[in-house]
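>>> I would like to see how this sequence folds:
(chains A and B)
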Amino acid sequence: MDSNLAVQLTIQGILLGGIYGLIALGLSLIFGVMGVINFAHGQMMVMAMYVSYWIFVLFGIDPYLSLVIVAAVIFVLGYVVQSSLVNRILDYPEAIQVLPLVSLGLILENFALLLWGPDHRSPQTALSLKTFWIGSVMIDVSRLIAFVLAIVITILIFGFLKKSNIGKCIRAAADNRTGAILVGINVDRINNTSFALGAATTAAAGVLLLPLMPVSPHIGHDFTLTAFIVVILGGMGNLLGALVGGLILGVAESTSTLFLPATLKQVVSFSILIIIMLFRPQGLFGGKK
Amino acid sequence: MKRFYMFLAIIFTILLLLPLFLDNYILGIFVMIFYWAYVGQTWNVLTGYTGHISLGHALYIGIGAYATTYLALTFGLTPWIGMFLGGLIAVVIALFLGFLGFRFGLRGVYFVILTIAFAEITRLTVSHIEALGSFTGIFLDFNPSFWNLQFRGNQPYYYISLGFMVASLVVVRLIETSKLGRFMVAIREDEEAAQALGVNTFKYNMTAIAISAFMTSLAGAFYANYIFYLHPNTLFGMSTSIDLILRPIVGGLGTLFGPVIGSFILTPLSEISRAYFAKGGLEGLHLILYGVLAILVVLFMPKGIIVYVKKLLSPILKTTHGE
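Coordinates of the predicted model:
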């Protein structure tokens, strides 16, 4: 019975880990190109969850279908944030760079609080309570869909960065900024696109999360931290590392509920962070710099 | 320089006499001004002077508050001694954090996340310890006396918090002019170069974080006996850490008077707007304004308001720029 529960929790952890990976992918992408940590990452995701929620409530469009619209909305938000704010602070000392993005998170969080109140909201979608059994293990349909879509989106982003013209420019700018400018890449615009793409990625993750988890204004901050831990676990700026790190963290958090109260599961992820920093600060997949 | 000290002495005298003319509510706002100036200053010691960004400084406030209160409730130990024991705990934790961060020369982002992680772990752990009141927190009994650090009315708190602020100014001024301070600034400007010139950067980083943690935790002891209510989310939470860094940055990071100027501008604004908007049912609006203000300051006056204050005062103080 107990081992059964362990298997169940591990599978749940893997499925959730795919979404963690997606959130972290966005953060890693932004960091890789600009060297800036998006402290408003989780709050942007919460915005996406609200947009998706209201599209569902007002127009009855299922979150999985509205995903593209929501991602586009948050893409624009990210583009505006980068072009109007982050591009101006890239050359500032790090201590001062932190503040505007933390403030942005604060603004988004309280904006949500002001507009929609502190209630937890959860849409009753067609699939939200459907489950099926494999042997003795129960799997939520919406969790499985979220995982599969998260992996598909991750692969799409990899493909985009590898093959497309803009993707190549993004990788060039991440690799060597000055070099990219020298060969005639408009780095400012690439910055905007990268930030927007990172934001859209976390938006997609938020939409996938919506059927699994009620949305409220204050949950964003926790996800920002989770995304950080995943990114450090996988290696800063390493996109594949983000995915693997997400899976590891998902499983670790999920199985920790076997012997800890669920409210303490974050202590597990922070402990992983400290262990990684003690023994392998460059992350599991990080090369030497 | 002499004129400058005269100027400070005049301001200090005014602040000493002020409680004679102000009512209790206004005094309370001043207490908060001094309190935030003090914790902003203690954060400034680490981040302003050595450049290591801590976004988890609420950790030390929380440790100071909980340690002092626990010792007072369990052993009847006076907060005046308890706060130093709390300070020692804070130092031990800060040194462990510093060891993790500085050993690899982790800078910037990694260090930030490490500080957040420590604060969050402590917040969650305290939330699960029965003896510390778990999720509900601890309500303090009101037994006004000097040894309990509890008083009727705000006037004693006013003088104590003023004392804290002035003491922090003196300490930071002493650090600034000492060898330690020079090394800290060297680390901020270029850690590798400082190391190459023979500065033991690890040692000075550890010293800086220890001093900062110790001083910050003292503020926690004061806060606990001023508010009479300890809650893990407000004491260790990230919003406190953000609140704490806003003032020095707005005032002027890495300057002696930056945190004080920042606090004199932001604290009344936050106290008044919070009360005003909460009444209108617009909860959270004051934090939005706060965020917008912080962004504007960073974008348009990244060196802080202190630059303008200096310009404004230069005819009185007869100083040239750069003083």
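>>> so where do the helices sit in the stretch 101-250 of chain A?
Across the stretch 101-250 of chain A, reading from the start of the chain, the helices by DSSP state H, counting those that start in this stretch fall at A:141-163, A:165-175, A:177-182, A:187-209, A:220-234, A:239-256.
>>> how about the second one: buried residues?
Read that as helix A:165-175. By neighbour count on 16 or more other Cβ atoms under 10 Å in any protein chain shown, the buried set for helix A:165-175 is A:Gly167, A:Cys169, A:Ile170, A:Arg171, A:Ala172, A:Ala173, A:Ala174. C-beta here means a position set from N, CA and C on the backbone, and glycine is covered the same way.
>>> Next, the angle helix A:187-209 makes with that helix.
Between the axis of helix A:165-175 and that of helix A:187-209 there is an angle of 110 degrees, by axes from the mean of the first three to the mean of the last three Cα atoms, to 10 degrees.
>>> which residues sit against helix A:165-175?
Contact partners of helix A:165-175, identified using Cβ atoms under 8 Å, 6 or more residues apart in numbering or on different chains, comprise A:29, A:32-33, A:160-161, A:179-180, A:183, A:185, A:187, A:190-191, A:193-194, A:197, A:237.
>>> Looking at the residues you listed, which is nearest chain B?
For the contacts of helix A:165-175, the closest approach to chain B (Cβ to the nearest Cβ) belongs to A:Gly237, at 10.7 Å.
>>> For residue 246, give me the pLDDT.
You didn't say which chain, so I picked chain A. The predicted structure scores A:Gly246 at 92 on the pLDDT scale.
>>> Actually, chain B is the one I wanted.
For B:Leu246, the model assigns a pLDDT of 86.
>>> Surely A:Val36 is in a strand?
No - secondary structure assignment (DSSP: H, G, I helix; E, B strand; the rest coil) places A:Val36 in coil, not in a strand.
>>> Pretty sure it sits against A:Arg88.
No - using Cβ atoms under 8 Å, A:Val36 and A:Arg88 do not qualify as a contacting pair, with a distance of 11.5 Å.
>>> Compare the two (neighbour count), which wins?
When neighbours are counted by other Cβ atoms under 10 Å in any protein chain shown, A:Val36 comes out ahead of the other of A:Val36 and A:Arg88, with 21 against 15.
>>> For the more buried one, report the pLDDT, please.
85.
>>> now A:Leu127
Residue-level pLDDT assigned to A:Leu127 equals 64.
>>> Flag every residue of the stretch 101-250 of chain B that's near chain A.
Residues of the stretch 101-250 of chain B found near chain A (Cβ under 8 Å from any Cβ of the partner chain) are B:101, B:104, B:106-110, B:112-114, B:116-117, B:120-121, B:124-125, B:127-128, B:238-239, B:242, B:245-246, B:249.
>>> Among those, which ones are in helices?
Counted as lying in helices by DSSP state H, out of those, are B:101, B:108-110, B:112-114, B:116-117, B:120-121, B:124-125, B:238-239, B:242, B:245-246, B:249.
>>> are any of those residues buried, and which?
Once neighbours are counted (16+ other Cβ under 10 Å), the buried part of those comes down to B:101, B:108-110, B:112-114, B:116-117, B:120-121, B:124, B:238, B:242, B:245-246, B:249.
>>> which secondary element of chain A has the worst mean pLDDT?
For chain A, using mean pLDDT, DSSP states H and E, the weakest element among its helices and strands is strand A:131-134, scoring a mean of 78.
>>> and it, how far from the chain's centre?
Here strand A:131-134 is found 27 Å from its chain centre; the criterion is Cα atoms, centre = their mean, to the nearest Å.
>>> which outside residues touch that strand?
The contact list for strand A:131-134 (Cβ under 8 Å, 6+ apart) reads A:Met138, A:Ile139, A:Asp140, A:Val141.
>>> If anything else comes up later, I'll come back, but that's it for now.
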